[in-house]
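A.B. asks: no letters, just coordinates:
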DNA sequence: GACCTCGGTTGCGTATGTTGCAACGACTGT
DNA sequence: ACAGTCGTTGCAACATACGCAACCGAGGTC
């Protein structure tokens, strides 16, 4: 819609990967380098990028500032924090908080696990709905019509041998999740990791977000993973209460 | 330089403060609302903003994602983390890590103190050079000519009764800081808080960032504040070592 | 239930802002 | 000192983003 803005935002993404030079960027988005220069200057004025020496560009501080302001304004994040931090401290496993956004899952908080296996996730990162436990929880919370609509319009890229690959299978899985009140990702996203997730609810019983624990398979087998569910649900319940949930689906 | 981009970035700032409506935004930046709509649509495509319902706009996940990528790429931040976290845990006081950027100080990390007095700071936020301990440390580390240049071109807004208000006083203060190896902010920025700061150095002895501890005056008097300096310097030394510093100003 | 208002959305013509070009200048390495 | 590389600037041409005004759709009021 807006060409120059579109190009500028694309630039930001490139720069984020790592510091880049002018010609690099120009070639990458297929415009003349003078154009890139002018866009970068505007971005620089607003502190969205900064120059390193004269040659390289990096993301600037406005990025951090705005992002942190935005994170602060996500209420679930703040209200769920104590419960999730405690869960993380108690179990030592990686805990994620995620919400639904435009056909994907977005991580809005992360508590790093104590075991050294680091996951390729980060606050702000997006992940597919079909192969994550949080994705299943979030979609399962929607009315059946919406579920169907989403499931039908999704792609089902195969990421591991266990990945769900069809709308039918996914919808069946969602039914199970809705009934049980929690979801499992049995190494459907990353080969060596499996997860369990449960919903965090707000005042009217609506699902605000989903919290998950991720564990390397070498550390805990499937049985062991399921044994974490009560602990997880205790934490999501506590988080729900802090978010205004009263347990009867009718807040206040 | 680029009008539409400039406007879009301004919009982001407005939206960050809190969710806003279209007309609001249009009036705020003085353009027609259809223009704002188109900019927002482009921003939305890139996930820089998301819509809440149909009426309100909020910052989107691309913001978080890029910001976290950017933070990860700041090496000092990562290498200083263990030492600063330990310092924070040991003392219970708020610890900041900051670097110099374009005539201001930028906070690149923050460890919240245990006492309930919260400071108005945040990762990514900017602060003036003349009234912060970190600012003094960072400028004091520059060659005299550069110090002078910066000091002369700065504004000296009065924020508290103790704020330094002239280039002469500031330069004198910088000399003291350079000699002592640490800086004090004696309630020059916020009335009820005073701070001490010390430099974090890299492989070649250059100052990469400054770390500070901030304490409410009611909790600790000036004497008590100064008594924290050894502890702080132990932490910044450790952080420096992790950043490649060898103590002789000649890395490797 | 019809009317009204308010906010978001769309199509269109025009002027403005943005683009690509080409020449310049600063810096590096040989 | 020269060649090569990369960032920077001025300018003219054009595409783009702009403002306008009319069109919707939802919520509230009488």
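C.D. replies: Nice, thanks for sending it over. Treat the numbers as computed from the prediction; the structure is a model and nothing was measured.
A.B. asks: state the pLDDT value of the residue lying closest to residue A:82 once chain neighbours are set aside.
C.D. replies: Leaving out its chain neighbours, the residue that sits closest to residue A:82 by CB to CB, 6 or more residues apart in numbering or on different chains is residue A:242, at 7.0 Å. C-beta coordinates here come from the backbone N, C-alpha and C atoms, glycine included. With respect to pLDDT, residue A:242 has a value of 90.
A.B. asks: ok, residue A:242 to chain B distance?
C.D. replies: As for residue A:242, its distance to chain B is 18 Å (criterion: CB to the nearest CB, to the nearest Å).
A.B. asks: so which residues of chain A form strands?
C.D. replies: For chain A, applying DSSP state E gives strands covering A:49-52, A:56-59, A:94-101, A:104-111, A:126-127, A:183-185, A:193-201, A:207-216.
A.B. asks: that older thread, what's near enough to touch the residue nearest to residue A:82?
C.D. replies: Shown in contact with residue A:242 (CB atoms under 8 Å, 6 or more residues apart in numbering or on different chains): A:79-80, A:82-83.
A.B. asks: what distance do you get for the closest residue in space to residue A:218 that isn't next to it in sequence to DNA strand D?
C.D. replies: The spatial neighbour of residue A:218 that comes closest, neighbours along the chain excluded (CB to CB, 6+ apart), is residue A:192 at 7.0 Å. Taking CB to the nearest atom of the strand, to the nearest Å as the measure, residue A:192 falls 40 Å from DNA strand D.
A.B. asks: correct me, but residue A:192 touches residue A:220?
C.D. replies: No: Residue A:192 lies out of contact with residue A:220 (CB atoms under 8 Å); the separation is 11.6 Å.
A.B. asks: of these two, who's got more company?
C.D. replies: Ranked by neighbour count (other CB atoms under 10 Å in any protein chain shown), residue A:192 and residue A:220 place residue A:220 first, with 16 against 13.
A.B. asks: now that one: phi and psi?
C.D. replies: phi -150, psi 130 (degrees, to the nearest 10).
A.B. asks: who are the contact partners of it?
C.D. replies: Residue A:220 sits in contact with residue A:228, where contact means CB under 8 Å, 6+ apart.
A.B. asks: and it, what pLDDT?
C.D. replies: Residue A:220 carries a pLDDT value of 94.
A.B. asks: surely residue A:198 and residue A:231 touch.
C.D. replies: No: with contact defined as CB under 8 Å, residue A:198 does not reach residue A:231; the gap is 10.2 Å.
A.B. asks: more crowded one of these two?
C.D. replies: Taking neighbours as other CB under 10 Å, residue A:198 and residue A:231 compare with residue A:198 leading, 27 against 14.
A.B. asks: can you check which of the strands of chain A gets nearest to residue B:182?
C.D. replies: The closest of these to residue B:182 is strand A:49-52. By CB to CB, the value is 26.7 Å.
A.B. asks: quick one: average confidence on that closest one?
C.D. replies: 86.
A.B. asks: torsion angles phi and psi at the residue of the stretch 51-200 of chain A found nearest DNA strand C?
C.D. replies: Residue nearest to DNA strand C within the stretch 51-200 of chain A: residue A:54 (7.2 Å; CB to the nearest atom of the strand). With angles defined as degrees, to the nearest 10, residue A:54 sits at phi -110, psi -10.
A.B. asks: that one: neighbour count?
C.D. replies: Neighbour tally, residue A:54, other CB under 10 Å: 6.
A.B. asks: which ones are touching residue A:11?
C.D. replies: Counted by CB under 8 Å, 6+ apart, residue A:11 has contacts A:25, A:29, A:36, A:39-40, A:43.
A.B. asks: who wins for neighbours among these?
C.D. replies: Highest neighbour count within the contacts of residue A:11: residue A:43, with 27 neighbours (other CB under 10 Å).
A.B. asks: ok, that residue touching residue B:9?
C.D. replies: Yes: applying CB under 8 Å as the test, residue A:43 and residue B:9 come out as touching, 7.3 Å apart.
A.B. asks: tell me the residue furthest from the middle of chain A?
C.D. replies: Distance from the centre of chain A peaks at residue A:34, with 36.2 Å (CA atoms, centre = their mean).
A.B. asks: give me the pLDDT for that one.
C.D. replies: Confidence for residue A:34, expressed as pLDDT, is 87.
A.B. asks: any idea how far it lies from residue A:10?
C.D. replies: Using CB to CB, to the nearest Å, residue A:34 is found at 17 Å from residue A:10.
A.B. asks: need phi/psi at residue A:154.
C.D. replies: Backbone torsions for residue A:154, taken as degrees, to the nearest 10, come to phi -80, psi 160.
A.B. asks: and it, how many neighbours?
C.D. replies: 18.
A.B. asks: which residues touch it?
C.D. replies: Going by CB under 8 Å, 6+ apart, the list of residues near residue A:154 reads A:103, A:128-130, A:167, A:170.
A.B. asks: now the contacts of residue A:242: which count as buried?
C.D. replies: Buried by 16 or more other CB atoms under 10 Å in any protein chain shown: A:79-80, A:83, out of the contacts of residue A:242.
A.B. asks: from the residues you listed, which ones fall inside helices?
C.D. replies: With helices taken from DSSP state H, the overlap with the buried ones among the contacts of residue A:242 comprises A:79-80, A:83.
A.B. asks: so which of these is the closest to chain B?
C.D. replies: residue A:80 (15.9 Å; CB to the nearest CB).
A.B. asks: measure the nearest residue to the closest one once chain neighbours are set aside to residue A:192 for me?
C.D. replies: Of all residues beyond its chain neighbours, the one nearest residue A:80 is residue A:239 (3.8 Å), with distances taken as CB to CB, 6+ apart. In this structure, residue A:239 and residue A:192 are 27 Å apart, going by CB to CB.
A.B. asks: for DNA strand D, give me its nearest residue in chain A.
C.D. replies: Of all residues in chain A, residue A:3 sits closest to DNA strand D, at 2.6 Å by CB to the nearest atom of the strand.
A.B. asks: what's near enough to touch that residue?
C.D. replies: By CB under 8 Å, 6+ apart, the contact set of residue A:3 is empty.
A.B. asks: which pLDDT value belongs to residue A:252?
C.D. replies: Note on residue A:252: pLDDT of 47.
A.B. asks: report the buried residues of stretch A:154-167.
C.D. replies: By neighbour count with 16+ other CB under 10 Å, stretch A:154-167 contains the buried residues A:154, A:156, A:159, A:163-164, A:167.
A.B. asks: how about stretch A:6-21?
C.D. replies: A:6-9, A:11-12, A:15-16, A:19-20.
A.B. asks: one step back: tabulate the strands of chain A (TSV), appending distance to DNA strand C.
C.D. replies: Listed next are the strands of chain A as TSV, based on distance: least, CB to the nearest atom of the strand, whole Å:
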stretch	distance to DNA strand C
strand A:49-52	14
strand A:56-59	13
strand A:94-101	17
strand A:104-111	21
strand A:126-127	23
strand A:183-185	32
strand A:193-201	28
strand A:207-216	23
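A.B. asks: quick one: closest of the ones you listed to residue B:142.
C.D. replies: Nearest to residue B:142, of the strands of chain A and by CB to CB, is strand A:49-52 at 17.0 Å.
A.B. asks: so what strands line up beside that closest one?
C.D. replies: Strand A:49-52 pairs in its sheet with strand A:56-59 (antiparallel), by DSSP bridges.
A.B. asks: if you count neighbours, what's buried in the partner strand?
C.D. replies: Neighbour count says strand A:56-59 has A:57-59 buried, by 16+ other CB under 10 Å.
A.B. asks: got JSON lines for the residues you listed, with pLDDT too?
C.D. replies: Converted to JSON lines, the buried residues of strand A:56-59 look like this (pLDDT from 0 to 100):
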{"residue": "A:57", "pLDDT": "89"}
{"residue": "A:58", "pLDDT": "87"}
{"residue": "A:59", "pLDDT": "88"}
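A.B. asks: of these, which is the nearest to residue A:48?
C.D. replies: residue A:59 (7.2 Å).
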